[in-house]
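1. Show me how the following folds:
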Amino acid sequence: MDIITDAGLSGAKPATTPLPKGFKFCSTKDTLFANPDQYRRLQLSQHVQRPYTHHWEAAVHVLRYLKGCPSKGLFFPANSSFRLEAFCDADLASCLTTRKSLTGYCVYLGYSLISWKTKKQTTVSRSSTEAEYRRLAYTAIAKDKSET
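-> Numbers count the residues shown, from 1 in each chain. Here you go, the predicted model:
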């Protein structure tokens, strides 16, 4: 709630989704955001050098979503199993600027989400199979780290 207040969104209407369906970032088809320091204060890792207006609008949308669900959190039931499961997915060439794939994974201990990450792959994949294989290998490494 401190971040929402700091961004000046205390009076903003909450959003029902983290981002609109089908939302894509594109760094070349918009104007530069007039106040990049305001964007940087949100401590977002992408586009900090040159944030565009739609980057700020997306960040505001996420903050409005968080405003509407302050009581949501992670649940760790006492009767959960110790079975470790990991799931991953890749979206081939989803970055419109670099054509790199956006990939993500989540790791569960029983029914509890214990680790998750989404990031842009460091290389351009030539096929969806290659993008999925890269994601699978990265997820296996992440799962292995969470077992130790």
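2. any weak-confidence spans in this structure?
-> Low-confidence segments of the chain (pLDDT under 70): 25-29, 142-148.
3. can you give me the helices in it?
-> Counting by DSSP state H, the chain has helices at residues 2-6, 36-40, 53-67, 128-147.
4. Comparing the ones you listed, which comes out most buried?
-> Highest mean neighbour count of the helices of the chain: helix 53-67, a mean of 18 (counted as mean count of other CB atoms under 10 Å). To be clear about C-beta, it is placed using only N, CA and C from the backbone, and glycine gets the same treatment.
5. what's that one packed up against?
-> The helices and strands touching helix 53-67, judged by 3 or more CB pairs under 8 Å, 6 or more residues apart in numbering; DSSP states H and E, are helix 2-6, helix 36-40.
6. hmm, back to that, would you format the helices of the chain as TSV with distance to Cys88 included?
-> Output for the helices of the chain, formatted as TSV (distance: least, CB to CB, whole Å):
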stretch	distance to Cys88
helix 2-6	29
helix 36-40	29
helix 53-67	22
helix 128-147	4
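7. closest to Phe82 out of these?
-> With respect to Phe82, and counting by CB to CB, the nearest of the helices of the chain is helix 128-147 at 10.4 Å.
8. Can you give me the domain boundaries for this structure?
-> 2-67, 84-147 (automatic domain parsing).
9. Now render those domains as JSON lines, adding distance to Ala78.
-> Formatted as JSON lines, the domains of the chain follow (distance: least, CB to CB, whole Å):
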{"stretch": "domain 2-67", "distance to Ala78": "28"}
{"stretch": "domain 84-147", "distance to Ala78": "10"}
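10. Out of the ones you listed, which gets nearest to Pro77?
-> Among the domains of the chain, domain 84-147 sits nearest to Pro77 (CB to CB), with 6.2 Å.
11. what residue of this structure is the furthest out?
-> Distance from the centre of the chain peaks at Asn79, with 29.5 Å (CA atoms, centre = their mean).
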